[in-house]
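1. Return a 3D structure for these sequence lines:
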Amino acid sequence: MIVICEPFFRGFGHTQFNAALVELISEAFPEEGLIFCAEREHLNHVKMVVGARFARVRFVEVELPTDARPKERRGRRLPLAASLERLALFRRLFRLADKNRAGQIVFCTVAHWNDLASIKVMLRRFPQVSCLVVLHDLQTKVSTHPQQLLTRQFLSYRYWLLAGNTAKLHYLLPGPPPLMEQGLRKYLPRLQNCISPIDVPYIFADSAGNEPFKDNVVRFGFFGHASLRKGADIFFELANDVSAGRTKYRSIFFLIGDVRDEQLKEMRRTSVNVPSPNAPLSQEEFLKYGKCIDYAMFFHLASAYEVHGSAAILDAFSHLKPVIALKTPLSEYFFNKMGDVGYLCESYGDVKRAVMAILETKPVGRYRVQQDNILKKRGQFSPAGIAQELRILLRQKDDCARERPR
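-> Numbers count the residues shown, from 1 in each chain. Sure, this is the predicted structure:
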């Protein structure tokens with residue numbers, strides 16, 4: 001038995017990844033029963049994505065502590081109270097695993113230092129249970145300079161990531177394995193044997209979306225939260241530059257997400273259609289706008305994705321949308337794996353020239369070839385495409401743990 005837990009996210013957030021993770025573990029370990037635990041609304045979202053394909057998955061609702069609620073609904077509490085609430089949550093989850101005789105518990109998200117501390121305390125109380133922790137947004141958590149004060153170091157994510165690791169605990173880092181391995185050598189060399197990079201799993205949509213270049217308009221989209229590290233400022237600048245010129249076919253630019261960084265909120269973005277600037281899109285809205293664009297655009301900063309993966313480009317592949325991207329190790333990885341799926345550009349000038357050429361020629365023929373390549377190659381990032389890799393990886397880690405001297 002394997003218990004999979006989401007101890008942080010509520011509602012729609014991280015639904016796509018967690019559903020794919022459930023399918024990935026189900027594909028990798030078909031001999032095991034599965035329990036997925038989450039807050040009620042999140043649980044229902046994941047259940048809808050997974051559907052009836054994995055009937056052997058049992059869904060169990062759990063109550064999350066108040067620090068997982070939106071800020072306006074939390075109220076005032078002492079820091080110690082929050083840590084004790086988190087500890088109580090992880091105690092309940094480990095007890096659930098113990099009651100169901102699960103040999104493995106998987107945490108989809110570990111957002112805070114006290115989550116890591118709670119897991120390591122519980123592993124001592126439940127030595128019969130092994131634990132797999134999925135690490136998200138690791139770049140911002142470990143690339144900052146350590147705090148000088150000892151108390152602040154002790155209350156840091158980095159401290160608890162490094163401290164108290166045992167053979168019963170392993171970390172999974174979603175992202176291109178060659179890139180993540182390089183980043184780990186740079187930022188966390190002590191944990192290279194404890195962290196395993198693996199491609200981000202994704203459940204792809206069945207439909208290709210709308211007919212391309214509808215009404216002689218070319219629609220360009222930017223997937224996900226608009227932030228500086230994702231290069232949203234470049235997207236806004238490009239939209240302004242292109243819209244100021246004259247081309248044979250008209251362009252429309254969409255931000256398929258909300259604006260996060262304050263600096264971006266102050267930027268002029270009159271040339272970009274932003275359906276929901278201050279709040280995340282609903283699942284239905286995200287799918288609607290994802291289907292309507294013709295090209296997805298990616299300008300991620302290389303320095304922000306050394307130990308941090310991204311599923312945004314997989315959102316584009318899900319709807320068979322070719323991509324226009326600045327060349328970074330992250331974007332180059334996907335082009336090397338997928339072939340001709342769009343335009344990989346060396347500079348901002350190359351991006352602008354590619355967009356202007358599309359608006360002059362409307363390359364329907366090449367567009368169809370790119371869509372065919374996406375359809376043929378994207379399966380390698382599906383749960384079934386990654387499952388064997390995960391099974392081998394975790395079995396090797398188990399063998400090493402058994403051979404390690406006590």
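
2. Please enumerate the helices of the stretch 251-400 of the chain.
-> Using DSSP state H, counting those that start in this stretch, the helices of the stretch 251-400 of the chain run over residues 262-265, 283-292, 312-318, 329-338, 348-361, 364-377, 383-403.

3. wait, which of those is closest to residue 81?
-> helix 262-265 (30.0 Å; CB to CB). For glycine as for every other residue, the C-beta is placed from the backbone atoms N, C-alpha and C.

4. Mind giving me the packing neighbours of the closest one?
-> helix 232-244 (3 or more CB pairs under 8 Å, 6 or more residues apart in numbering; DSSP states H and E).

5. For the helix it packs on, what is the distance to the chain centroid?
-> Relative to its chain's centre, helix 232-244 lies at 26 Å (CA atoms, centre = their mean, to the nearest Å).

6. same question, stretch 348-357
-> Per CA atoms, centre = their mean, the centroid offset for stretch 348-357 relative to its chain is 28 Å.

7. same check, this time on stretch 164-176
-> 17 Å.

8. got it, and stretch 294-304?
-> That offset, for stretch 294-304, works out to 14 Å (CA atoms, centre = their mean).

9. From one end of that stretch to the other, what's the distance?
-> 27 Å (CA to CA, to the nearest Å).

10. Averaged pLDDT, it. What do you get?
-> Averaging pLDDT along stretch 294-304 gives 94.

11. if we can go back for a sec, out of the helices of the stretch 251-400 of the chain, which gets nearest to residue 36?
-> From these, taking CB to CB, the stretch that ends up closest is helix 383-403, at 13.8 Å.

12. Does residue 123 touch residue 166 like I think?
-> Yes. In this structure, residue 123 is within contact of residue 166 by CB atoms under 8 Å, at 6.5 Å.

13. With neighbour numbers in mind, choose between these two.
-> residue 123 (20 against 15; other CB atoms under 10 Å).

14. element containing the more buried one, please.
-> For residue 123, the host element (DSSP states H and E) is helix 113-125.

15. Check which residues of that helix are buried.
-> The neighbour-count check on helix 113-125 (16 or more other CB atoms under 10 Å) flags 113, 114, 115, 116, 117, 118, 119, 120, 122, 123 as buried.

16. for stretch 101-112, same thing?
-> Buried, per 16+ other CB under 10 Å, within stretch 101-112: 102, 104, 105, 106, 107, 108, 109, 110, 111, 112.

17. Was I right to think the second one contacts residue 131?
-> Looking back up the chat, that one is residue 104. Yes. Counting by CB under 8 Å, residue 104 sits close enough to residue 131 to count as a contact (7.4 Å).

18. pull the CA atoms of stretch 384-393 into PDB?
-> Backbone C-alpha positions of stretch 384-393 (Å, rounded to 0.1, in the frame of the first residue of the first chain) are rendered in PDB as follows:
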ATOM      1  CA  ALA A 384       3.000   5.900 -18.500                       C
ATOM      2  CA  GLY A 385       6.100   7.300 -20.300                       C
ATOM      3  CA  ILE A 386       7.900   8.100 -17.000                       C
ATOM      4  CA  ALA A 387       6.600   5.200 -14.800                       C
ATOM      5  CA  GLN A 388       9.400   2.700 -15.600                       C
ATOM      6  CA  GLU A 389      12.100   5.300 -14.800                       C
ATOM      7  CA  LEU A 390      10.500   6.000 -11.500                       C
ATOM      8  CA  ARG A 391      10.100   2.300 -10.600                       C
ATOM      9  CA  ILE A 392      13.800   1.600 -11.400                       C
ATOM     10  CA  LEU A 393      14.900   4.700  -9.600                       C
END
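
19. can you list contacts of it?
-> Stretch 384-393 has contacts (CB atoms under 8 Å, 6 or more residues apart in numbering) with 23, 24, 25, 27, 28, 29, 196, 198, 199, 201, 379, 380.

20. Over to stretch 82-93?
-> So stretch 82-93 is in contact with 3, 5, 7, 37, 62, 64-67, 105, 112, 114-115, 117-119, 121-122, 125, going by CB under 8 Å, 6+ apart.

21. what stretches of the stretch 101-250 of the chain score poorly on pLDDT?
-> 143-153, 207-209 (pLDDT under 70).

22. picking that back up, for the helix holding residue 123, the distance to its chain's centre please.
-> The answer for helix 113-125 is 23 Å, by CA atoms, centre = their mean.

23. Run through the neighbouring helices and strands of the helix or strand following that helix.
-> Downstream of helix 113-125, the first helix or strand assigned by DSSP H and E is strand 130-134. Applying 3+ CB pairs under 8 Å, 6+ apart, we find strand 130-134 packed against strand 104-107, helix 113-125, strand 169-174.
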